[in-house]
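>>> predicted model and sequence follow; I will ask about them next.
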Amino acid sequence: MLFNYFKIAFRNIVRHKGYAAINITGLAIGIAASLLLFLVIRYELSYDRFQPNFDQIYQVVTSEKTAEEDNINPGVPVPALEVFRLKFPQAKVAGIFSSYGSQFTIIGNDSASTHIKGKYLEETGVFFAEPEFFEVFNYTWLNGSPAVLAEPNAVVLSKSVAEKYFGNWQQANGQFVKMDNNAVLMVKGIIDNTPLNSDFPIRIVSSYITLKNNPGQYFYQPDWNNLSSSFQVYLRLPENASAATVDQQLLAFSREQYKNKQSSGVRTHFVRPLSAIHFDSRTEHLGDHVTSKPTLWTLSLIGIMIIIMACINFINLSTAQAISRSKEVGLRKVLGGNRMQLMGQMMGETAVIVFIALILGTAIAFFCVPYLDQFINIPEKLSFFNGKVLGFMALLFFLVTIFSGFYPALVLSGFKPALAIKNKISSASVGGISLRRGLVVLQFAISQLLIIGTIVALSQMKFIRTEDLGFKKEAVLVLSTNTDSAVISRQKAFKNELLTQKGIQAVSFSSDMPSSQNTWSTNFAFDGRDDEDFEVCLKFADADYFKTYGFQLIAGRGISVSDTVNEIVINETLVKKLGLKDPAQALGKNLRLGGGRWKPVVGVVRDFKPNTMREKISPIAIASRSRFYGVTNIKLSTSNLMGVEENIQRTWDKYFPEYVNKSEFMDETINKFYKQETQLTKLYQFFAILAIFISCLGLYGLVSFMAVQKTKEVGIRKVLGASVSSIVMLFSKEFTILIFVAFLVAAPLAWYLMSKWLSNFVFKINIGAWIFISAIVVSIVIAWITVGFKAVRAALENPVKSLRSE
């Protein structure tokens, strides 16, 4: 019997090739989209789960609560590490210090050798750690053991780094590398490559004692007042230990430890489970990206909506086509077939179509995997055919078959034999026109929801690109440099030579760029008063910083030439938070940064965006201090940029031959701040196009069926003088009304969802009426084109052909 069902199913597919193609194409696209999104979501949810003690590992984080906000920092003060070990003897406690942009010079097997075999700049994945770190986290050691990290000047490499540096990881042990042209380190261990789904992408680990011996090189400040996200502490609690109990102990400790704290705000510590780190967008972390849970919910919702739209196409076309199979159903019932047998046959036919669509959709998804990184932070090499993915495919097959096939099977099997055999079944009574209309409304509501979301996201990203940041970001080349004494001593000569070159307008040194992810802040006091109840963000720069970036001073002047903090420029926000009505009132007043000396405020700069558009403008103090000048800012003329860059590289090699030059244009750096939003916008665009395509497939199928059903009606209308436009309107009018109804459903939901998304930004667009007008216009135009193509063909048919049998 089953074989007979499948044989009939294939006959029906061949007989109705066009409708079958529409159904299979729509379902295949929906299945491919759902499968790809499942791979992405599953990958994101798998972060760090390869750790054997995943559920027992926690990070100690810091809360700095002021009168206005609660700032969460993933770091803790350096002395806290040893205190936590005493406070929590039942736990394994480990600290890790991250270093960004470190250079490694390959020396070879002789530590005293001056022959350089290679220079490599490592942007991420470089850490200082003790052996205890590997008691908390599990990594596979190919050579050596965690104990080597108790020795000074010892370094452990990952397999991939060892192969990059020395060709063969098995020959790496005993070799020497120089880190940041300072400490000479011996390779004493090799660990296997960290899985890609890790927030701890360890590539190079140097011993923690090495950091202690070189504190100035990495701004390692072992005191309670300094807090940096670079130094982080992790606990591995015993099984069944309560994180809530640990939080209570940390709260009690914080109240006692920080009761006389010099910095502003109330500082407390609490633990965050390892499972939450990858999804917590409040803080930066050691991995390559953060994916918020709302983003994953959004992706899940999109996948569900796309597959529902494909199923709706199947339901609509199957119920619309039911009239053509009424005689078949009638005969089967007369010959003794019962309703359950008929439903089984129809579900079998649906299963065949869904299975074909599943094979096609899986093939589409497989070939699309390498392009996923264009839309989301995910590696190309995803495990496609494994138990969980195959299980999802089986579940998808079952759900799509049931959802798509059950209602059409119920309708067809319910035909009365007498009416069916006499062909008295009308299209209006099959499946209910109102149901088909409702499903079309749902389809276009989903399409318009995605269209509105895409327009809002594109508009916000355009706003981010074009919004005035308060400084000129164009044509500024930023070089990241070291801050050791050798570099600082050569900076002045390097700058003077750069200024003699054609195409260079200005050069300045600073601790960081005007807009960056730097959150360096400190307590401060103003005009002889006690410390304020909020902190001020710090930027150290030379006197040419204001000229290089075109800052607008609204009072006073910029800082004078100096290597130490001698004068201070503040921003408008700080003026307002200090309660001053006029920026000029701040001039001449003294300001103390941290525990430093009082220095005069000589200028007020117009507010600029120091971080991203997600954060509000912080109070900022700008002062000179050459010790922290790790960034060279070069303002270029817009002509012959490539030639100017080549000259800058030659000048760099002249003054800093032992250093790798890392350069990037300021506007490119800023664009990276919004990588996730940009990718999400592309994702919205892609799925909006998919939704429109699936909707149009279904619409085209319904109009094609209507054209067949109304063949004689169209012929009579033409004989009676109806124009082509009136015939087209006959087909288009109903769908236009349905699209308007869909808009009324989609618009308020889209407004709510996109308002929630925009709430992540302090600086954002308003969702104006034009966005909704654009969405409805786009939907109607696309629908008219889809309907019009088939309607015009029907209207141009010779009425003689349709009426010759009458």
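Perfect, thanks for sending it.
>>> can we go C-alpha only for contacts and neighbour counts from here?
OK.
>>> so the closest residue to Asp247 other than its chain neighbours is in which element?
Beyond its immediate neighbours in the sequence, the residue positioned closest to Asp247 (Cα to Cα, 6 or more residues apart in numbering) is Phe270, lying 5.1 Å away. Using DSSP states H and E, the secondary-structure element containing Phe270 is strand 266-273.
>>> list the buried residues of whatever helix or strand comes next after that strand.
Heading C-terminal from strand 266-273, the first helix or strand you meet, by DSSP H and E, is helix 274-277. Going by neighbour count (16 or more other Cα atoms under 10 Å), the buried part of helix 274-277 is 274-275, 277.
>>> can you lay out these as CSV showing distance to Ile488?
Putting those into CSV (distance: Cα to Cα, whole Å) gives the following:
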residue, distance to Ile488
Leu274, 40
Ser275, 42
Ile277, 37
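>>> so which of those comes closest to Thr105?
Proximity to Thr105 was ranked across those by Cα to Cα; first place goes to Ile277, at 32.9 Å.
>>> so what's the residue count around Ser485?
Other residues near Ser485 come to 10 when the count uses other Cα atoms under 10 Å.
>>> which residues does it contact?
Contacts for Ser485 (Cα atoms under 8 Å, 6 or more residues apart in numbering) come out as none.
>>> relative to Tyr629, how far out is it?
The span separating Ser485 from Tyr629 equals 11 Å under the rule Cα to Cα, to the nearest Å.
>>> any regions of the stretch 351-500 of the chain where pLDDT drops low?
The stretch 351-500 of the chain contains residues with pLDDT under 70 at 377, 379-382, 411-434.
>>> and the strands in it, which stretches?
Across the stretch 351-500 of the chain, reading from the start of the chain, the strands by DSSP state E, counting those that start in this stretch fall at 476-480.
>>> and stretch 635-651, average pLDDT?
pLDDT averaged over stretch 635-651 equals 84, rounded to a whole number.
>>> equivalent analysis for stretch 174-189, please.
Here the average pLDDT along stretch 174-189 is 90.
>>> buried set for it?
Of all the residues in stretch 174-189, those buried under the rule 16+ other Cα under 10 Å are 174-181, 183-189.
>>> not counting sequence-adjacent ones, nearest residue to Gln676?
Nearest-residue entry for Gln676: Ile376, 7.1 Å, with adjacent residues in sequence omitted and distances by Cα to Cα, 6+ apart.
>>> to clarify, my last question referred to Leu442.
Beyond its immediate neighbours in the sequence, the residue positioned closest to Leu442 (Cα to Cα, 6+ apart) is Ala742, lying 6.5 Å away.
>>> that neighbour against Leu439, yeah?
No: the pair Ala742 / Leu439 is not scored as a contact, 10.0 Å apart, by Cα atoms under 8 Å.
>>> more neighbours: these two, which one.
The residue with more neighbours, out of Ala742 and Leu439, is Ala742; 25 against 21, by other Cα under 10 Å.
>>> quick check: which element contains the more buried one?
Using DSSP H and E, the secondary-structure element containing Ala742 is helix 724-758.
>>> quick one: average pLDDT of that helix?
Within the predicted structure, the mean pLDDT of helix 724-758 is 85.
>>> before we move on, the earlier item: reformat the buried residues of helix 274-277 into CSV and put pLDDT next to each item.
As requested, the buried residues of helix 274-277 are arranged in CSV below (pLDDT from 0 to 100):
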residue, pLDDT
Leu274, 92
Ser275, 91
Ile277, 90
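>>> how far does stretch 510-517 sit from its chain's centre?
What separates the centre of stretch 510-517 from the centre of its chain is 22 Å, taken as Cα atoms, centre = their mean, to the nearest Å.
>>> quote the end-to-end distance of that stretch.
End-to-end distance for stretch 510-517: 14 Å, by Cα to Cα.
>>> mind listing what's buried in that stretch?
When neighbours are counted by 16+ other Cα under 10 Å, the buried residues of stretch 510-517 are found to be 510-515.
>>> need the contact list for Ser230.
Contacts of Ser230 by Cα under 8 Å, 6+ apart are 75, 96-99.
>>> over to Ile306?
Residues counted as contacts of Ile306 (Cα under 8 Å, 6+ apart) are 30, 33-34, 687, 690-691.
>>> between those residues, which is closest to Met666?
Sorting those by distance to Met666 puts Phe687 at the head of the list, at 31.7 Å, by Cα to Cα.
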